[in-house]
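Participant: take a look and give me a structure for this.
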Amino acid sequence: MATKGRKAKWTAAQIKAHIRNIQEVIEQHKRLVKPGEDFTAVTPEDIERKLKRANSPMIVLEYGSWTGPTPRGGTLSYNVGIYNPDPQQAKSLVAHVWVGSGSVDPMVGTFLLNVDTRFPRLTQPAWPGLTLDPNFSKVLTFAVKVPSTVERTNYLGNCCLMRLGWGEPTYLDRGNFLFTVA
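Facilitator: Purely as a prediction, here's the structure:
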């Protein structure tokens, strides 16, 4: 969002065009969802809000097998769609997925530390990370192994999109999902 002394990143026309592009991406991926999988995506209002903040690329959709109960010792799938609205290529992007209460924490530093260590922490893709051309999207697929010793209850899954590079990585966006272990 534009603040005093800072120029808005996108014009109203550009925001409208990005909303249209992202909605097309969302519709393409809705068709890939298998029976029994859940699908969530940003709304036009979410897209506008995301475009008005400082960081992009962004997470625009999530889908996978977290809707139905996952058995202990089983694997759930989590797919995260990333979109680059910027006029230049986005490089060195990675998504980090873990289980824990991070999604409720507004502070990035501690959001990443809220981890249930019984579950794996997964990062994709491999070095040098994902490169996205302007106005393009990519879906990354994660297979989250559910330990056979965890309680039968609900768990929070988290995803953090970041840009790697020299110095400190840049936090870009976050996603989350709720799943049940049976």
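Participant: burial of residue 131, as a residue count?
Facilitator: 14 (other Cβ atoms under 10 Å). In short, each C-beta sits where N, CA and C put it, glycine included.
Participant: ramachandran angles for the closest residue to residue 175 other than its chain neighbours?
Facilitator: In space, and not counting its chain neighbours, residue 175 is closest to residue 159: 4.0 Å by Cβ to Cβ, 6 or more residues apart in numbering. When quoted as degrees, to the nearest 10, the phi and psi of residue 159 stand at phi -140, psi 130.
Participant: got the contact list for residue 159?
Facilitator: Taking Cβ atoms under 8 Å, 6 or more residues apart in numbering, we find residue 159 in contact with 59, 62, 78, 80, 95-97, 174-177.
Participant: how about a cut-off of 7 Å?
Facilitator: Residues near residue 159 by Cβ atoms under 7 Å, 6 or more residues apart in numbering: 59, 80, 95, 97, 174-176.
Participant: top of these by neighbour count?
Facilitator: residue 95 (25 neighbours).
Participant: what are the buried residues along the helix or strand hosting it?
Facilitator: Taking DSSP states H and E as the definition, one finds residue 95 inside strand 90-99. Residues of strand 90-99 classed as buried under the neighbour-count rule (16 or more other Cβ atoms under 10 Å) are 90, 92-99.
Participant: what sits up against that strand?
Facilitator: So strand 90-99 is contacted by 57, 78, 80, 82, 84, 115-116, 119, 121-125, 128-132, 140, 142, 144, 155-165 (Cβ under 7 Å, 6+ apart).
Participant: just these: which are in strands?
Facilitator: Counted as lying in strands by DSSP state E, out of those, are 78, 80, 82, 84, 122-124, 130-132, 140, 142, 144, 155-163.
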